[in-house]
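> Give me a 3D structure for the following:
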Amino acid sequence: MIDLAKVYGSAATDLGKLLLEGEPPSPFKGPLTVDKRAACTRPLCLDRIKQARMQAGCTVNDVLMAAVAGGMRRHYERLEGEVREQLNLRAVIPVDLRKPGKEQALGNRFGLVFLGLPLGLNCPRERLTEVQRRMNALKHSPQAVVVLGLLAAVGSIPQEMQQHIVELFGSKGTAVVSNVPGPRVPMSLAGQPIDSLMFWVPQSGRLGLGVSILSYAGSVRIGVASDAGLPVQAEGLAGDIEAALDELIEAL
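Numbers count the residues shown, from 1 in each chain. Have a look, this model is predicted:
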């Protein structure tokens, strides 16, 4: 019991330090408008990604997150020029905390974790290794549970204070990134086959960039939703992520 308290206490301390740190300026973050731009990649072969993850000894999610980091690096270079070696931009990642295999009550139990995307690493293999290391650390951290508890507590305070806290969390990230496994076999609707699926991850707390990853029937599509007030171009970033994935797979 004491050890568990120490673990959660350490996670709360780390989260507190994170919330005191600023996020570096980038074309992915800035004043927002009400208009959005959206684009997505072509269907990407899931078997090809699985083969790459086996070669690298990591997960499919590690490969995809490394591709997102690589795509953001490419887009940053196009808009801003040289990327600083130590540049890290945080992705806010929703984590489902419900236990699998049991009947669940209605509603969601989602916590959040903050993953630093290593845009400063130029080598695709090094970028993947670092993403894998950071993801493994998050998997053994109760950060998502701590955040869920904080957000649940926020629901009992005045709405004006709620908004300030949501904006505080949003200011510590650059993008929301969500990876959702879809149906493994082709589906149909009203007798018509469904060629592809896509969703758009919700963005709040003044986050102007959302990246949605969805697998469906042997393929993966990565969607980008960006605020029209930002210099980032949704279609261009989607293409950069796709190119970064190809580069990574070829490097393994």
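> Report the mean confidence score over stretch 58-73.
Stretch 58-73 carries an average pLDDT of 98.
> wait, stretch 193-210
88.
> CA atoms only: put that stretch into PDB for me.
C-alpha atoms of stretch 193-210 as PDB (Å, rounded to 0.1, in the frame of the first residue of the first chain):
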ATOM      1  CA  PRO A 193     -19.200  -2.000 -49.000                       C
ATOM      2  CA  ILE A 194     -17.300   0.500 -46.900                       C
ATOM      3  CA  ASP A 195     -14.100   1.300 -48.600                       C
ATOM      4  CA  SER A 196     -12.400   3.200 -45.800                       C
ATOM      5  CA  LEU A 197     -13.100   4.800 -42.400                       C
ATOM      6  CA  MET A 198     -11.800   7.900 -40.600                       C
ATOM      7  CA  PHE A 199     -12.500   9.800 -37.400                       C
ATOM      8  CA  TRP A 200     -11.300  13.100 -36.100                       C
ATOM      9  CA  VAL A 201     -10.000  13.300 -32.600                       C
ATOM     10  CA  PRO A 202     -11.600  16.000 -30.400                       C
ATOM     11  CA  GLN A 203      -9.400  19.000 -29.800                       C
ATOM     12  CA  SER A 204      -9.800  21.300 -26.700                       C
ATOM     13  CA  GLY A 205      -7.700  23.400 -24.500                       C
ATOM     14  CA  ARG A 206      -6.500  25.600 -27.400                       C
ATOM     15  CA  LEU A 207      -4.900  22.700 -29.200                       C
ATOM     16  CA  GLY A 208      -5.000  23.500 -32.900                       C
ATOM     17  CA  LEU A 209      -3.600  20.200 -34.300                       C
ATOM     18  CA  GLY A 210      -5.200  16.700 -34.100                       C
END
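> Give me the buried stretch members for the biggest helix by length in the chain, please.
Under DSSP state H, the helix in the chain containing the largest number of residues is helix 60-80. For helix 60-80, the buried set under the neighbour-count rule, 16 or more other CB atoms under 10 Å, comprises 60-76, 79. Quick note: C-beta positions are derived from backbone N, CA and C, even for glycine.
> what does stretch 200-213 give?
201, 203, 205-213.
> want to throw those residues into CSV with secondary structure?
CSV is the format used below for the buried residues of stretch 200-213 (DSSP: H, G, I helix; E, B strand; the rest coil):
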residue, secondary structure
201, coil
203, coil
205, coil
206, coil
207, coil
208, coil
209, strand
210, strand
211, strand
212, strand
213, strand
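> what helix or strand does residue 24 sit in?
Residue 24 is part of no helix or strand, with elements assigned from DSSP states H and E.
> quick one: contacts for it?
Contacts for residue 24 (CB atoms under 8 Å, 6 or more residues apart in numbering) come out as 87-89.
> How about the backbone phi and psi for it?
phi -60, psi 150 (degrees, to the nearest 10).
> and the gap between it and residue 208?
To residue 208, residue 24 is 15 Å away according to CB to CB, to the nearest Å.
> packing partners for whatever helix or strand residue 236 lives in?
Using DSSP H and E, the element containing residue 236 is helix 234-251. When contacts are defined as 3 or more CB pairs under 8 Å, 6 or more residues apart in numbering; DSSP states H and E, helix 234-251 packs onto strand 36-40, helix 46-56, helix 60-80, helix 124-139, strand 219-227.
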